[in-house]
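model this:
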Amino acid sequence: MEQAFVNTVLPKLGLRHVMDMRNPPLWISYDREGDAVRVVFEEAKKSDKSALDKNDVIVTKRGKKLINMTILNASRLFS
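This next block holds a predicted model:
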């Protein structure tokens, strides 16, 4: 399952170049029950701002810096 995730889901998330990133994510996880993918670059602080965009992605930023993101309804990426 993990290799299928790497081969099929990561490219759809625009993360196929994770290995080439200067600051790659600390972790990427999938919550089957919540049907959400979480990509964490660093731990969020209370002062960080989060917003839900029109693509069901919650993005947390510190100023202009991306801290983490959560892709809701992630199973739509599997089809």
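
so where do the helices sit in this structure?
Using DSSP state H, the helices found in the chain span residues 2-4, 10-12.

mean pLDDT lowest for which of the ones you listed?
Per-segment confidence across those bottoms out at helix 2-4, which has a mean of 57 in mean pLDDT.

name the helix or strand of this protein that has the lowest mean pLDDT.
helix 2-4 (a mean of 57; mean pLDDT, DSSP states H and E).

give the contact list for the nearest residue to residue 52 once chain neighbours are set aside.
Beyond its immediate neighbours in the sequence, the residue positioned closest to residue 52 (CB to CB, 6 or more residues apart in numbering) is residue 58, lying 5.2 Å away. Every residue, glycine included, has its C-beta placed from N, CA and C. Residues in contact with residue 58, defined by CB atoms under 8 Å, 6 or more residues apart in numbering, are 50, 51, 52, 69, 70, 72.

mind checking pLDDT for residue 58?
The predicted local distance difference test score for residue 58 is 92.

tell me how far it lies from residue 40.
Applying CB to CB, to the nearest Å, the value for residue 58 to residue 40 is 12 Å.

coming back round to it: closest one to residue 28 out of the contacts of residue 58, please.
For the contacts of residue 58, the residue nearest residue 28 by CB to CB is residue 69; the value is 10.1 Å.

that closest one touches residue 57, doesn't it?
Yes. Taking CB atoms under 8 Å as the definition, residue 69 is a contact partner of residue 57 at 5.8 Å.

so where is the chain shaky, pLDDT-wise?
Across the chain, the ranges flagged by pLDDT under 70 are 1-25, 78-79.

break down it into its strands, ranges please.
Ranges of strands within the chain are 27-31, 36-40, 49-52, 57-62, 65-72, based on DSSP state E.

please identify the most buried of these.
For the strands of the chain, the largest average neighbour count (mean count of other CB atoms under 10 Å) is found in strand 36-40, namely a mean of 19.

which strands and helices sit next to it?
Applying 3 or more CB pairs under 8 Å, 6 or more residues apart in numbering; DSSP states H and E, one finds that strand 36-40 makes contact with strand 27-31, strand 65-72.
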